[in-house]
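K.L.:
Give me coordinates for this.
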Amino acid sequence: MEAARLENKDKDITFTTFHPGFIETDMTASLKGGRGRAITADECARQMITKVKRRVVEATIPFWPWILMKWFINFIPDRYMKFFG
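P.N.:
From the prediction side, this is the model:
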């Protein structure tokens, strides 16, 4: 995505990178243990459209608590990341 941003920096084009949390879909419906603060696919789409219209470069949807998790993951050593997925 960064390459696309750099190649088009002089044009009136904005690229938005999304970091999704749990979205209620058929795929996540079978997950055991709950989905935390999952939002519907429609709500996710509304939030994404809002971010794109505002020309946001990067967005976590839903914001809370996933923004905290995104920050926390930066501090986990690579050798432990295999346990998360």
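
K.L.:
going forward, measure contacts between C-alpha atoms and count neighbours the same way
P.N.:
Fine.

K.L.:
who's in contact with the residue lying closest to residue 20 once chain neighbours are set aside?
P.N.:
Excluding its sequence neighbours, the residue lying closest to residue 20 (CA to CA, 6 or more residues apart in numbering) is residue 61, at 4.9 Å. Contact analysis of residue 61 by CA atoms under 8 Å, 6 or more residues apart in numbering lists 18, 19, 20, 21, 44, 47, 48.

K.L.:
Surely the third one touches residue 60?
P.N.:
By that I understand residue 20. Yes - between residue 20 and residue 60 a contact is recorded at 5.7 Å, counting by CA atoms under 8 Å.

K.L.:
Among these two, which residue is more densely surrounded?
P.N.:
A count of neighbours by other CA atoms under 10 Å puts residue 60 above the other of residue 20 and residue 60, at 19 against 15.

K.L.:
give me phi/psi at the more buried one?
P.N.:
phi -110, psi 130 (degrees, to the nearest 10).

K.L.:
Which phi and psi values does the nearest residue to residue 60 once chain neighbours are set aside adopt?
P.N.:
Using CA to CA, 6+ apart and skipping residues adjacent in sequence, the residue nearest residue 60 is residue 19, 4.5 Å away. Here is the backbone geometry of residue 19 (degrees, to the nearest 10): phi -120, psi 100.
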